[in-house]
Structures are given as structure tokens and as C-alpha cells.
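**Q** Just to be clear, the model below is a prediction. Sequence and coordinates:
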Amino acid sequence: MVIYFTYISKQVNIQCKRYGMTAKTISKTISNRAVSHKKSVVADHISFMKITSNTDHFSTVQRFFKKMLAPIYGDQSKAIDQIKAGLDRVCEVMLKYDNPVGLIVYKNKLQNEYGLKDALELKSLFLFNPAKNSRQGYGSRLFKKIDEVAMSMGTNLIYCTASSKVSNSIQCAIKNGYEIERVLEKNEERTLYLLAKRL
């Protein structure tokens, strides 16, 4: 890209004469095209990988569940085993340039609970290294992915539970179209909410 700009800058005077434009206008046009190209390249490098015990990044998911989720929701051994077996849920890691930046876990069949019928249950949605990966659109991309999964499964209803211990996750879900349906559990340590989204 640097070489490209160097070459172009040397050609500006020639292009000015040819098209009757100022050097500033041509430089701005080149810059805009480069930005558009950069955005499309970045978007193309976002991908999702389904995780089982035999795939890359399973150890990353395992460490994350033990380090980040266990202190909030308790022992995660069962959840890890279920992801490992891939029997009742799907775990997908979002990659950028093959580096994991986030994950979603969802049930592989539509559920009927909490008075919700034929709904997709979102079990987990998190960013790896939030300090680094927040505010870059990755969270919204994860929520968009779960929307796509729901539609592919033939439902327009998604639900999840969220703890008051991770209030930023609740705020992020609301920002992405979820609403608090009701309180499921409340004690001195936390409040557990049921959130749902209708596409």
C-alpha cells in the first residue's frame, strides 16, 4: 500500500493535466478508494469456526470458560464437556486473520422454556481480551451471527440469561435488540435476568 501511494503521488501532476483536476482532489479520491478497499478487506477477514475437541482453538475456549465464566456462573466443566462432545450445543469462535476475538455458544435445537416457544437459546456470547477487542464492532458482529443462526433454524425468537455481575453484557444485549423479559432469580449476590429478542 505504501508503494502504491508513493507511485500515485509521483503521477498526480500528470493526472491533473489529463483530467483537469487539482492535486488535492485526486489525492482525496485516491484516499477514499483506499479506505473503502481497507474496510472490505477487514470484513473479509472475519470468519467463524465451529469448535469441538478436535479443532483449533478448543484449548482457548476451555481456558476462557474456566478463567472468565467460572467466577461468575460457577463450575464450567459440564459446559466444556458439552462443547467438546458437540451433542446439544454449538460453539463458534469468531476469527480475525485466524486470531480468536470472540465466541458464541447456542443450543443446536429450538427450545421451549420460560414460556417461550420454538426459540433459539444463546448460552454464551463473549469477547476474548475485552480490553483489546471492545469498541471495534466485534460484539455487534457476534450478535449478528446469532441472528443469522436463528433465521437459518427457522425461528425469529432468541433468548438468553444474564447475570447482574456482568451488567455490561446486559447493556450490550439491549443495544443489539434484546429486551428484559423478567427476573428469574434474585439474591444478595446477583440478579439473573431473562432477555429475549424478536427478529
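**A** Right, received. Where do you want to start?
**Q** roughly how far is whichever helix or strand Arg63 is part of from the heart of the chain?
**A** For Arg63, the element it lies in under DSSP states H and E is helix 58-64. Relative to its parent chain, helix 58-64 has a centroid offset of 17 Å by C-alpha atoms, centre = their mean, to the nearest Å.
**Q** residues in contact with that helix?
**A** If you take C-beta atoms under 8 Å, 6 or more residues apart in numbering as the criterion, helix 58-64 is touched by Ile51, Thr52, Ile80, Ile83, Lys84, Cys91, Val93, Pro100, Leu103, Phe126, Phe128. (Each C-beta comes from the backbone N, C-alpha and C, glycine too.)
**Q** So which residues make contact with stretch 191-198?
**A** 114, 116, 119, 147, 156-164, 170, 173-174, 176-186.
**Q** for it, which positions count as buried?
**A** Across stretch 191-198, burial judged by 16 or more other C-beta atoms under 10 Å covers Tyr193, Leu194, Leu195, Ala196, Lys197.
**Q** Out of these, which comes closest to Ser47?
**A** Lowest distance from Ser47 to the buried residues of stretch 191-198 (C-beta to C-beta) belongs to Lys197, with 23.7 Å.
**Q** can I assume the closest one sits in a strand?
**A** Yes: counting by DSSP: H, G, I helix; E, B strand; the rest coil, Lys197 falls inside a strand.
**Q** what sits against the residue nearest to the spatial centre of the chain?
**A** Centroid-nearest residue in the chain, with C-alpha atoms, centre = their mean: Leu142, separated by 2.2 Å. If a contact means C-beta under 8 Å, 6+ apart, then Leu142 has Met94, Gly102, Leu103, Ile104, Leu125, Leu127 as its contacts.
**Q** and with 10 Å instead?
**A** 48, 92, 94, 101-104, 122, 125-127, 172, 176 (C-beta atoms under 10 Å, 6 or more residues apart in numbering).
**Q** Sitting in helices, which of the residues you listed do you find?
**A** Judged by DSSP state H, helices contain the following of these: Cys172.
**Q** With pLDDT and neighbour count as new columns, can the contacts of Leu142 be given to me in CSV?
**A** Formatted as CSV, the contacts of Leu142 follow (pLDDT from 0 to 100; neighbours: other C-beta atoms under 10 Å):
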residue, pLDDT, neighbour count
Phe48, 93, 17
Glu92, 94, 19
Met94, 93, 23
Val101, 89, 20
Gly102, 90, 23
Leu103, 91, 24
Ile104, 95, 20
Leu122, 97, 25
Leu125, 92, 22
Phe126, 87, 18
Leu127, 86, 22
Cys172, 90, 19
Asn176, 95, 16
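**Q** Spatially, which two of the contacts of Leu142 are the most separated?
**A** Top of the distance list for the contacts of Leu142 (C-beta to C-beta): Phe48 and Cys172, 18.7 Å.
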